[in-house]
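> have a look at this fold, sequence not included:
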């Protein structure tokens, strides 16, 4: 029985942890043309000269939406309200 306990003591421990290295190493050893640059995201509302929401009159909105007069005629808030009311009207008819 001593041989069995001896053999378990002689086994080498294997490191099974994942080593990714430091980010600095990866930056220094990677070519810049392979790393795509992220596009900057617009944080503020879009201001389009001459565009005014048909319902509330605002000129700044994250996105312009379709209204009863066509595309890009309502601000985001009014456009969402308009679409919700259109769905309610359709459901009431059915």
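Ah, there it is. Quick caveat: nothing in here was measured; it's all calculated off a predicted structure.
> quick one: residue 39 and residue 76, what's the gap?
21 Å (CB to CB, to the nearest Å). All C-beta spots, glycine's among them, are computed from the backbone N, C-alpha and C.
> swap in residue 44?
Noted for residue 44: a distance of 13 Å to residue 76, by CB to CB.
> more neighbours: which of these two?
Remark: of residue 44 and residue 76, residue 76 carries more neighbours, 17 against 7, as counted by other CB atoms under 10 Å.
> ok, then the element right after the top strand by length along the chain?
Using DSSP state E to define each element, the chain has its longest strand at strand 70-74. Note on strand 70-74: by DSSP states H and E, the next helix or strand toward the C-terminus is helix 76-93.
> avg pLDDT for that next one?
Averaging pLDDT along helix 76-93 yields 95.
> and if you look at stretch 15-29?
Rounded mean pLDDT across stretch 15-29 is 63.
> just stretch 59-68 next, same as before
95.
> hang on, residue 74 packs against residue 58?
No: counting by CB atoms under 8 Å, residue 74 sits too far from residue 58 to count as a contact (9.7 Å).
> neighbour-wise, which of those two wins?
Neighbour count, other CB under 10 Å: between residue 74 and residue 58, residue 74 has more, with 26 against 15.
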